[in-house]
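K.L.:
Generate a structure from the sequence data that follows.
(2 chains)
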Amino acid sequence: DMNEEQPHVEDRCVPWSDGMQLLKDAAEGKHFLPTGLEGIDTLLGGGLRKGQLTEITGQSSSGKTQVCLYSAAHVAARHMGAVLYLDTSNSFSPSRIAHILDELPISLIKEPKDMRLKRVMSSIICESVFDIFALFEVLDRLEVSLNCKVTNGSNKICLLIIDSVSSLLAPIIGGKNSQGRSMMISVAMILKKLAHKHNLSVLVTNHMVAGNGAPKPALGESWKAAPHIRLMISRDRGSNICTATTLKHTLLACGRHMKFQFLPS
Amino acid sequence: MLSEEQSQKHITTGSGDLNGILGGGIHCKEVTEIGGVPGIGKTQLGIQLAINVQIPVDYGGLGGKAIYIDTEGSFMVERVYQIAEGCISDIMEYFPCHHDKSSSGQENLQPESFLAGIYYFRICSYTEQIAVINYLEKFLGEHKDVRIVIIDSVTFHFRQDFDDLALRTRVLCGLSLKLMKLSKSYNLAVVLLNQVTTKFTEGSFQLTLALGDSWSHSCTNRLILYWKGNERCAYLDKSPSLPVASTPYAVTSKGVRDAGSSSCKRVRVM
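P.N.:
Predicted coordinates:
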């Protein structure tokens, strides 16, 4: 009988929760992944928000890669899940991750150094991506793996980092041909869908280009609306102290500044 | 990945101090941009690296070959010979006991073999530059001993006569991704020499890299060479794992060395 074999449409509906549960989760910080940088986490209202796309933009050597490395290290160290780190400029540095772990507050240190390093490094999956098509392919593989994996707390990917998404998009946008722009919008859509469906935090970096007068974030107007949260960072000349400013945020007012610091190697 | 990074050999610059701020030297699998005003010695450093990559493994080097892509005609072969001689004389000084070992090893230490180990491409337009970078993959597949690719200088042909600026940005970004990929796949160092221009921002003259805004993000590391009075200095401006730092260095008749070395220095030409 055909009716019995058809799965009920209602069974396919996503599970629901109620407002109090959401509030409780938020209070317990379950919605956020820490970057490990106090100023940034404060500015973000807790950290990188799960289910959302966060963009860090800034000029060259302002610290975008460092924010990515810190986030990967802290999320992995605190057993929050696995990290997929997509690197477009051969900048992922295991020795830097090791240094960042050395700076962890004492309360979080429960195991011997080399064991922790090994555990963290095995929770960070780093892949080099050098063109937009390779990116689409990686994201596709990620979707498949998230869909069918039997999820086990610390092995499930909870943070996706792309450093930098703009270097993959720069070669294809800006011409008369609109295909590049539509690929960029496609990337944004896929990232947000992955974030929402699998409750990931997605962190991307964007470089800056010359504007009329002041430098501005690359990727233009169409990209502006894509991330949920946009932070701009800049580094004081010759120091490790940086300033972060919110350009766009879902909850908090924009234009707030916070200073933060990378500890030296 | 960590053990791989730690065992990675670096290409010495000739100056211990410069190697120090670079974490041992120029890294393979990474793209390093070196910027500086005309006359500071970018080509000197480029040539020094093309020689130093060939230092045999027995003497602490990589024993590799070099590709030198010359866009401005800066490659002076007599100077290359001189730097090769300088490199060999330093090796003899640090490894005196090796003389007794294999005589074949000693035969290899001739300036001629260092010159033969540099694959030289002279580029006269941006289309030739795009072509050679596209060709590199095939070349590297056939010459697996190449461990460094030097482009001197990378933005020269893109500064003038390029009407469509958006196209220029796209092309340069595409080139830099290709070079990133090559450096990773073939485990070699890519060194991009770039001109520095002065830009009037925030009320003072600042040195910025040519075409900086279009593509300053496309390197793993960046070193800026500058004058401090009459002394040459290098400043590490960008690195994923090293702190910013600067150090003086010198260009002598033997090549790039530490500041304060005994060999006669090449002075600043006003």
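K.L.:
Residues of the stretch 151-265 of chain A that sit close to chain B?
P.N.:
Residues of the stretch 151-265 of chain A lying near chain B by CB under 8 Å from any CB of the partner chain: A:164, A:166-168, A:170-175, A:207-210, A:215, A:238, A:240, A:264-265. Where you see a C-beta, it was placed from the backbone N, CA and C, and this is true even at glycine.
K.L.:
now these: which count as buried?
P.N.:
A:164, A:166-168, A:170-174, A:207-209, A:215 (16 or more other CB atoms under 10 Å in any protein chain shown).
K.L.:
Turn these into CSV, including pLDDT.
P.N.:
CSV is the format used below for those (pLDDT from 0 to 100):
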residue, pLDDT
A:164, 91
A:166, 92
A:167, 92
A:168, 94
A:170, 90
A:171, 89
A:172, 90
A:173, 87
A:174, 79
A:207, 90
A:208, 87
A:209, 84
A:215, 81
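K.L.:
Same list as before, those that is, but in TSV and with secondary structure and distance to residue B:10 included.
P.N.:
TSV is the format used below for those (DSSP: H, G, I helix; E, B strand; the rest coil; distance: CB to CB, whole Å):
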residue	secondary structure	distance to residue B:10
A:164	coil	25
A:166	helix	29
A:167	helix	25
A:168	helix	28
A:170	coil	30
A:171	coil	30
A:172	coil	34
A:173	coil	36
A:174	coil	37
A:207	coil	27
A:208	strand	31
A:209	strand	32
A:215	coil	33
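K.L.:
which two in those are spaced the farthest apart?
P.N.:
A:172 and A:215 (21.4 Å; CB to CB).
K.L.:
elements contacting the longest helix anywhere in chain A?
P.N.:
Using DSSP state H, we find that the single longest helix of chain A is helix A:179-197. In terms of contacts (3 or more CB pairs under 8 Å, 6 or more residues apart in numbering or on different chains; DSSP states H and E), helix A:179-197 is packed against strand A:53-58, helix A:132-148, strand A:157-163, helix A:165-169, strand A:201-206, helix A:220-224.
K.L.:
from the middle of its chain, how far away would it be?
P.N.:
Using CA atoms, centre = their mean, to the nearest Å, the mean C-alpha position of helix A:179-197 is found 14 Å from that of the whole chain.
K.L.:
So which bits of it are buried?
P.N.:
Those buried within helix A:179-197 under the rule 16+ other CB under 10 Å are A:180, A:181, A:183, A:184, A:187, A:188, A:190, A:191, A:192, A:194, A:195.
K.L.:
Show the contacting residues for the first one.
P.N.:
Translated: residue A:180. Under the criterion of CB atoms under 8 Å, 6 or more residues apart in numbering or on different chains, the contact list for residue A:180 reads A:169, A:172, A:173, A:174.
K.L.:
Chain neighbours aside, what residue packs nearest to the third one?
P.N.:
Just to be clear, that refers to residue A:173. residue A:180 (4.2 Å; CB to CB, 6 or more residues apart in numbering or on different chains).
K.L.:
And the pLDDT for the one you found?
P.N.:
Per-residue confidence (pLDDT) for residue A:180: 88.
K.L.:
Distance check, it against residue A:141.
P.N.:
Separation of residue A:180 from residue A:141 (CB to CB, to the nearest Å): 23 Å.
K.L.:
What of residue B:62?
P.N.:
Distance, residue B:62 to residue A:141, using CB to CB: 34 Å.
K.L.:
between these two, which one's more packed in?
P.N.:
residue B:62 (22 against 12; other CB atoms under 10 Å in any protein chain shown).
K.L.:
which SS class is that one?
P.N.:
Judged by DSSP: H, G, I helix; E, B strand; the rest coil, the three-state class of residue B:62 is coil.
K.L.:
Could I get the contacting residues of it?
P.N.:
With contact taken as CB under 8 Å, 6+ apart, residue B:62 is in contact with B:9, B:11, B:28, B:53, B:54, B:55, B:147.
K.L.:
what do you get for residue A:262?
P.N.:
Contacts of residue A:262 by CB under 8 Å, 6+ apart are A:37, A:63, A:66, A:70, A:240, A:242.
K.L.:
Going through these, which ones are buried?
P.N.:
Among the contacts of residue A:262, those classed as buried by 16+ other CB under 10 Å are A:37, A:63, A:66, A:70, A:242.
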